[in-house]
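Fold the following and give me the result.
(chains A and B)
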Amino acid sequence: MTAVSKRFKSPYEDTPPAGSEGWQELYPYWLTFREDRKAIEESKFWFCDSQHWPNVFKPFDTIGVEFAVKCLGQYNTRHLLIPPANGIEFRVHNGYCYMSPVGVAPENIPARVPQFLERAGFYFQNWDSLLENWHVKVKSVIDRLEKLEFKPLPEVVALEAVMSGRGLDDTFDLTINYNRAIELCYEAWQYHFEFLNLGYVAYLDFFGFCKQTFPDIPDQAIAKMVQGIDLDLFKPDDELKKLAKLAIELNLGSALNAGGLDDSLAAVQAAPNGTTWLAAWEAAKHPWFNFSSGNGFYSTDKVWLDHLEIPLGFIRNYITRLEAGHSIDRPTAKIAAERDRVTLEYTALLPNDEAKAAFEGKLGLARAVFPYVENHNFYIEHWTMSVFWRKMRELSSMFIAAGFWSEIDDMFYLRREEINVALFDYGNGWAVGADAIGPTHWAKEIPRRKKIISALSSKRPLPAMNEPPAVVTEPFTIMLWGITSESVGKWLEGSATSDKLSGMAASPGLVEGQARVIFNADDLDQVKDGEILVTQVTAPSWAPVFSRIKATVTDIGGMMSHAAIVCREYGLPAVTGTGSASSSIKTGDLIRVDGTNGTVTILS
Amino acid sequence: MNPFVLPFEACDQTMLAQVGGKCSSLGELTRNGFIVPPGFAVTTEAFVQHLEINGLNPKIHAALEGLNTADTDMLDRVGFELRSLIQTAPMPALIAQAIESEYLSLSARLNLIEPPVAVRSSATAEDLPGASFAGQQDTYLYVVGVAAVLEHTRQCWASLYTARAIAYRFDNGFPHEKVLMAVGVQKMVNARAAGVAMTLNPINGDRSKIVIDSSFGLGETVVSGTVTPDNFVVDKVILEVVKRQISRKLIEVVADVENRTTIERAIPNERQLEHSLTLEEIKAVASIAKRCEQHAGKPQDVEWALDADLAAPDNIVLLQSRPETVWSQKPNTQANSSAYQTGMASMLNTLLNPIAAKKND
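Numbering: from 1, shown residues only, chains lettered A, B, ... in the order given. So this is what the prediction gives:
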């Protein structure tokens, strides 16, 4: 491999699009590339994390990256003392998310080793009991979030509150509840990384062993051996499949196709056996419909529970496929058999019993920890965040009732500390018996901000900025984002020739077909049978679309990205981490996807 | 059963002494469901009788007596004499009749008058593990008609006494009279591409890989090294191509039907860098090589060809499968000891020496 010699543009040379002037003020002072830190920021390599944040941040929505990446860092740096790796710095540039891993100076590594061994060792030794407790903690966060209420302030403080001598008003509770919601979100993100980094370490350990023992073993072979089969992350989709089958069994196919959501549910209700299906539908909702059509990081991500037309649409698709005689099941028995075969054959290739023992030990641990690596996504990104965003929308409704703004999404154009200010303004007006100033202020400010966000969204992000390191070694960067010296080098090359893209060979196979470029989960219904899905990143809730497509190409993502896992399950070719497929390829382009070699060619 | 000829279906791996290495392996493969171009073996007994009836043994012994292999002039001269002796002695009638009859059976079976065949030497020592006699005996391609088959059978017999083969046996302590020569007569393949496949990586002994060398036309160019073939490294377990090196392939050997021979010809410029195998074909070759290894129970060195006259997926034919002799002799030392670290020590090692950094070593 040759060291990458070219460099990407500096953020200071990358001018914001017209109409986005002043965008920096929409984000916290520490989150943008500041002029007074130019030399420092330009000395670092930044890559765009469009895997988690493909779209421009509304001001409130930076909460996800702030909490998530800060908490990732704390586990590396302060809890576990991962010897060579601290956290990951993050910035918002022209509205998009950029990251830069923070290494540990070589001279400081030895001192961290004993602490790492003790701390991480404790977690591995007590994995099951600690993880059991993790579920209790996360469930408690969700329960506490669910209990929070955001109602318009009453005309007067309730008589009981007065007569109990409480001495506090409703604005006080409102402020507490808002802060509590933010704290609970923060708490959930702390737990998110409690096991995740260690899960990756165990996986990497097995990965490294395989790479050393079987030089050039394909990454996907390693993934196949470790990959989980019955995962909570797949349950929402499984529930839809069960509901589709039940609908056919109960002869409710046409009732479920009757017009909109309400019409369909009414038709089912009226049909014989309809109540049986509706009971199953209700039972599936909790918790499995706390599932985001995005990745849980955006206020605008649609959650199934709040948009029942989404799961219903998927169920209708499944019914159509079942009626056409197709199977909709994930071939789990086949996956399990293949996993066993692959494992057995590699085991047989090991040179001696010592190697076998090491292999089996590492594989056993990787398999034990890997379900967490996949499942946590349901518990935090989907379930917790679905409840969090629902509560924030309740809060926005309250502000709408108070005349602060007119659309639910308007609140997310405020930074989260500005909501404290708006709450005080609202409460102050209520308390004083005079106007709140918010309705006047935000009526002008929110439209101004919308224009800025819209202007920022008109420009695609640079894949990376500044000079790449000679070699990327930070294990989490490689694992999570698929960012290696090689992939960065390919991005640099890719900017020169646009008809051929390179990425990770995430799922094998070679197909040609028409591209369908999707930037937003809302557009998934445009995907037609036999098309090739091209997107920045896929989310678990996109699962139903995979039974219709021929292949997937993403801008970013590694071997264990969602698209890679699902494509391997469905036997579809996938190339992930191309850097720029969603901007180089246009819907309708004829493309060739070579998932075995990690290339995508635009044919016409 | 005729003592002088045996169809491949009647040969198996226990018959090295009767039909030589190549034919016993082709028989074994044929009997176990591998796709092998049909043909038959001319047994070592035929060779023995040829020497015996023509009274050649005493002459051979005399010629080899006191041979100095360092004296290349002498070696060449003795070799030439012995080959002339074997080649010009008339083939005993019973043997000639047996070969003719078997060739006619093959003709009937293929529904071809005078089917073109390859006449291939199959010595009893050539494929012994530990003794790589590769390339020391001859193969004659596109042989047509009974007379030519008989002629080339004698040439194969004679090829046991090339200067190189004589020297090799001397230097490696194989008694000449113990090494006998059988001959394989096998339907010619109309090879669109051909080459070899090893069920381990010959560069590092990694047994989790299958390494394929492939070029256009018949495999002789690959075996003899007259082209730089395409090179594909395939993962043995999941059969994915992990590395590919497409080379500029300058020449190919193909059938010249009119002149009843094969010709070496230049590959046009625009074809030189084409992939000699598609992805599916690479996987098919790897899969067959893997089955050969499973059948033999040890790493194999396989010769294969892609027959343009056959339809996929049954168009990859086997021409040879023999034990790999270099790495199989060494202890399997695939992983160094640090790879056997377990538990926290291993995780620490993984974190401090990430795999991406190692790739750059």
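
Just the pLDDT for B:T325.
According to the prediction, B:T325 has pLDDT 77.

ok, how many other residues are close to it?
Applying other Cβ atoms under 10 Å in any protein chain shown, we find 17 residues neighbouring B:T325. To be clear about C-beta, it is placed using only N, CA and C from the backbone, and glycine gets the same treatment.

so how far is B:G39 from it?
Distance of B:T325 to B:G39, given as Cβ to Cβ, to the nearest Å: 25 Å.

Close to chain A: what parts of the stretch 101-250 of chain B are there?
Those residues of the stretch 101-250 of chain B that sit near chain A, judged by Cβ under 8 Å from any Cβ of the partner chain, are B:201, B:204, B:206-209, B:233, B:235-238, B:240-244.

What is the neighbour count of the residue of the stretch 101-250 of chain B found nearest chain A?
With Cβ to the nearest Cβ as the measure, B:S208 is the residue of the stretch 101-250 of chain B nearest to chain A, at 3.9 Å. Neighbour count of B:S208, defined by other Cβ under 10 Å: 26.

cool, the one 5 residues further on as well?
Each residue near B:D213 was counted by other Cβ under 10 Å, and the total is 23.

any idea how far the helix or strand containing it is from the chain center?
Using DSSP states H and E, B:D213 sits within strand B:209-216. Offset of strand B:209-216 from its chain centre (Cα atoms, centre = their mean, to the nearest Å): 14 Å.

That strand packs against which elements?
Other elements packing on strand B:209-216 under the criterion 3 or more Cβ pairs under 8 Å, 6 or more residues apart in numbering or on different chains; DSSP states H and E are strand B:191-198, helix B:220-224, strand B:230-235, helix B:279-296.

What are the buried residues along the longest one?
This means helix B:279-296. By neighbour count on 16 or more other Cβ atoms under 10 Å in any protein chain shown, the buried set for helix B:279-296 is B:279, B:281-293, B:295-296.

helix or strand right after that helix?
Heading C-terminal from helix B:279-296 (DSSP H and E), you reach strand B:300-307.

show me where the chain has strands.
All of this refers to chain A. A:46-48, A:85-93, A:96-103, A:464-465, A:500-502, A:504-507, A:510-518, A:532-535, A:551-554, A:574-576, A:590-594, A:599-602 (DSSP state E).

sorry, should have said chain B
Going by DSSP E, chain B shows strands at B:5-7, B:39-42, B:117-123, B:139-143, B:181-187, B:191-198, B:209-216, B:230-235, B:241-245, B:251-256, B:261-266, B:300-307, B:316-323.

Grab the nearest non-local neighbour of A:A120.
A:L80 (5.2 Å; Cβ to Cβ, 6 or more residues apart in numbering or on different chains).

where does the one you found land on pLDDT?
pLDDT, A:L80: 96.

contacting residues for it?
Applying Cβ atoms under 8 Å, 6 or more residues apart in numbering or on different chains to A:L80 gives the contacts A:116, A:119-120, A:123, A:197-198.

Tell me the one among these nearest to A:F45.
Closest approach between those and A:F45, by Cβ to Cβ: A:N197, at 21.2 Å.

Low-confidence ranges, the stretch 351-500 of chain A, go.
Scanning the stretch 351-500 of chain A for pLDDT under 70 picks out A:473-475, A:479, A:482, A:494-498.

Can you name the residue of it nearest chain B?
Nearest residue of the stretch 351-500 of chain A to chain B (Cβ to the nearest Cβ) works out as A:P351 at 3.9 Å.

how many other residues sit next to that residue?
15.

How about the contacts made by A:M225?
Contacts of A:M225 (Cβ under 8 Å, 6+ apart): A:339, A:342-343, A:346, A:363.

Stretch A:573-581 and chain B, are they touching?
No: on the criterion Cβ under 8 Å from any Cβ, stretch A:573-581 is out of touch with chain B, staying 11.1 Å away.

centre of the chain versus that stretch, how much separation?
For stretch A:573-581, the distance to the chain centre is 17 Å (Cα atoms, centre = their mean).

re the thing from before, tell me the least confident of the residues of the stretch 101-250 of chain B next to chain A?
Lowest pLDDT within these is found at B:N204 (83).

So for the longest helix along chain A, mean pLDDT?
Longest helix in chain A by number of residues (criterion: DSSP state H): helix A:170-213. For helix A:170-213, mean pLDDT rounds to 94.

What is the most widely separated pair among the buried residues of helix B:279-296?
Distance extremes for these: the farthest pair is B:L279 and B:A296 at 26.2 Å, using Cβ to Cβ.

follow-up on the earlier one: could you dump the helices and strands packed on strand B:209-216 into a markdown table with distance to A:S386 added?
Below are the helices and strands packed on strand B:209-216 laid out as a markdown table (distance: least, Cβ to Cβ, whole Å):
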| stretch | distance to A:S386 |
| --- | --- |
| strand B:191-198 | 53 |
| helix B:220-224 | 60 |
| strand B:230-235 | 40 |
| helix B:279-296 | 42 |
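
about what we covered before: ok and the strand holding B:D213 relative to helix B:279-296, angle-wise?
Relative orientation of strand B:209-216 versus helix B:279-296 (axes from the mean of the first three to the mean of the last three Cα atoms, to 10 degrees): 130 degrees.
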